[in-house]
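# My questions are about this predicted structure, shown below with the sequence.
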Amino acid sequence: MKVLKSYYEVRFAAYLRVAIVAFLSGNSLILAQTKSIILGRPTDTSITASVMFDQQMEYFLEYGTESGIYPNSTGIVSNSINVPDEVELRGLLPNTQYFYRMQYRVVGGTGFAASPEYTFHTQRAVGNSFTFTIEADEHLYDKKGVANMYKVTLDNQAKDNPDFMLSLGDIFGDDHNWSTITSQELNDLHKNYRPFLGEICHSVPFYVCLGNHEGENDYYYSINPPNNLCILGTQWRKFYYPNPYPNGFYSGNTENEPYGIGNPENYFSWKWGEALFVVLDVYRDQCDTSAKPGSWSWSLGLPQYTWLKNTLEGSTSKYKFVFAHHIRGQGRGGVTNAKLYEWGGYEQNGINYTFNGKRPGWAKPIHQLFVDNGVNIFFQGHDHLFAHEVLDNVTYQEVPMAADSTYQIGMLANAKAYTSDTLDGTGHIRVNVSPSCVKVDYVRAYLPKDTVGGAHRNGEVAFSYTIGDCLASVSSDLQESGQLRVFPNPSNEKLSVEMVGCLQSFDLRLLDVSGKEFLQSSSNELYVGQIPEGMYFLKIKTQDTQLIKKVVIKH
């Protein structure tokens, strides 16, 4: 028989919980406040933590290279309510994982409380493997973005344990009411993302790449300064999120702007492990500021172009990744846009090459810079779907929306602008970088209600591809010792797998040479009768091991 507690019993229990919290925290009721830590600007020997509370607090960070042991600490910081402090940890060891936590209390309290333990990694050395993630077009400021959907995508990224993450823009801004938007509204638009990003960015440093809806462009900059979308948006973005600026580790925009902006922290590059990362701003420097630009009026501007050229030509990194919200800042699609105007040199008809006349003194179009300097992947957002294209051995990767609960916005509107490999859905891009190869996965996100019945699985990989020798580099003692057998090979109908002493179930996946998955089986057999002839790779996974075997399909 269920017994209902009296009003007084319930109230007593509530007061008891409060008393216990107060006692454990030195009579400082600290668990009611909202806090967020956003990491940014990781280098080989430092990292910046942007720390914000909505109450008057005192805190310090303690850190070390072993879990639970924190021999180093910052001084005690007293915050201002809802004003982020940028706390820089210096003198760190390169290529090292760090563990840290925050000790905090209400001002005037007698005891500190500890946050959970968080982590970060300093710059990876050449020869080390790592993971990073990319999201785009969060759009929580309009009806396209859904908060609960975004939380799922962020949680999936946290599970990847990336060294850092990038957003490709249209995250904070809303330029639909650009002529009337106020500083307070822009403050709210930027601040409102802190609770979301704070869920993972305490352990995943965050980089911002600017989108068109942030409104940080020449067109808005020139209208009634400093009270305009561009200037106010830049100020609030810098206030809440620490993006890189040139400091010896990062290179980038060296100009300082008026109206209290200083360095706009809008384009930058850095090295991490085997890779060079280059983040572009395709909006701030336009050739025509009298109206919203088009065609040749969209420009990186000569200073950014020169910096990009020097950065790519001076890099010895094995892999080169470039990021922007969109090619030329407008239009739809990937490789079709890559051939036009400043990016490719041609007019809209694709026949007349006018680059030299339109950009006198510039060496070559941006795409040709990519080709000549071995850029592997250009990542962009803007079009709200997944799309994978290749032009002149440069991969053009469109990143899907991070918060579309319909899973269809970009696919319905923009898929026709792409030439190959388009997929719907919501999620993020995961990139694994190793000395031998790069592996790119499209990780889908689904709300719990949309996984009922098993048609969809949150975190499933919808598309994968590789650059380099990922598959060829996989070796296994099992294969060398003869304990694994895949037969018949070549096969025309069925592949079977035998593993000595293996009583577990298998997970078999057949991939083509680009890494695209064709078949999957949860048994030790895979039927390949309908697969086109050619060379493939059979990915074999059990509870204890994972390996890849080259196979041939021949009918």
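Noted; the coordinates are in hand.
# Ramachandran angles for the residue lying closest to Leu154 once chain neighbours are set aside?
Nearest residue to Leu154, sequence neighbours excluded (C-beta to C-beta, 6 or more residues apart in numbering): Ile200, at 5.3 Å. Backbone N, C-alpha and C define where each C-beta goes, glycine included. For Ile200, the backbone dihedrals (degrees, to the nearest 10) come out as phi -130, psi -20.
# How many residues are close by Ile200?
22 (other C-beta atoms under 10 Å).
# mind listing the helices for the stretch 51-200 of the chain?
For the stretch 51-200 of the chain, applying DSSP state H, counting those that start in this stretch gives helices covering 147-159, 183-191, 194-197.
# Would you mind putting those into CSV with mean pLDDT alongside?
Output for those, formatted as CSV (pLDDT from 0 to 100):
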stretch, mean pLDDT
helix 147-159, 98
helix 183-191, 97
helix 194-197, 96
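# how many neighbours does the closest residue to Phe99 other than its chain neighbours have?
Excluding its sequence neighbours, the residue lying closest to Phe99 (C-beta to C-beta, 6+ apart) is Ser67, at 4.9 Å. Neighbours of Ser67 under the rule other C-beta under 10 Å: 10.
# ditto for the one 5 residues further on
A count of neighbours around Asn72, defined by other C-beta under 10 Å, yields 14.
# Report whether the expected contact of it with Gly64 is present.
Yes - taking contacts as C-beta atoms under 8 Å, Asn72 lies within contact range of Gly64: 6.1 Å.
# and Glu257, which of the helices of the stretch 51-200 of the chain is closest to it?
Nearest of the helices of the stretch 51-200 of the chain to Glu257, taken as C-beta to C-beta: helix 183-191 at 16.6 Å.
# check contacts around the residue nearest to the spatial centre of the chain.
The residue lying closest to the centre of the chain (C-alpha atoms, centre = their mean) is Ile134, at 2.2 Å. Ile134 makes contact with 165-168, 323, 379, 399, 428-429, 431, according to C-beta atoms under 8 Å, 6 or more residues apart in numbering.
# In a markdown table, list those residues along with neighbour count.
Formatted as a markdown table, the contacts of Ile134 follow (neighbours: other C-beta atoms under 10 Å):
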| residue | neighbour count |
| --- | --- |
| Met165 | 24 |
| Leu166 | 26 |
| Ser167 | 28 |
| Leu168 | 28 |
| Phe323 | 25 |
| Phe379 | 23 |
| Val399 | 27 |
| His428 | 26 |
| Ile429 | 25 |
| Val431 | 23 |
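# now the strands for the stretch 51-200 of the chain?
Secondary structure of the stretch 51-200 of the chain (DSSP state E, counting those that start in this stretch): strands at 57-64, 72-73, 77-78, 85-89, 97-106, 113-114, 118-121, 130-135, 164-167.
# what would those look like in TSV with distance to Ser436 and mean pLDDT?
Listed next are the strands of the stretch 51-200 of the chain as TSV, based on distance: least, C-beta to C-beta, whole Å; pLDDT from 0 to 100:
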stretch	distance to Ser436	mean pLDDT
strand 57-64	32	97
strand 72-73	35	98
strand 77-78	44	96
strand 85-89	32	98
strand 97-106	22	97
strand 113-114	41	96
strand 118-121	20	98
strand 130-135	14	98
strand 164-167	22	98
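# can you tell which of these is closest to Lys554?
When these are compared (using C-beta to C-beta), the closest one is strand 130-135, at 36.2 Å.
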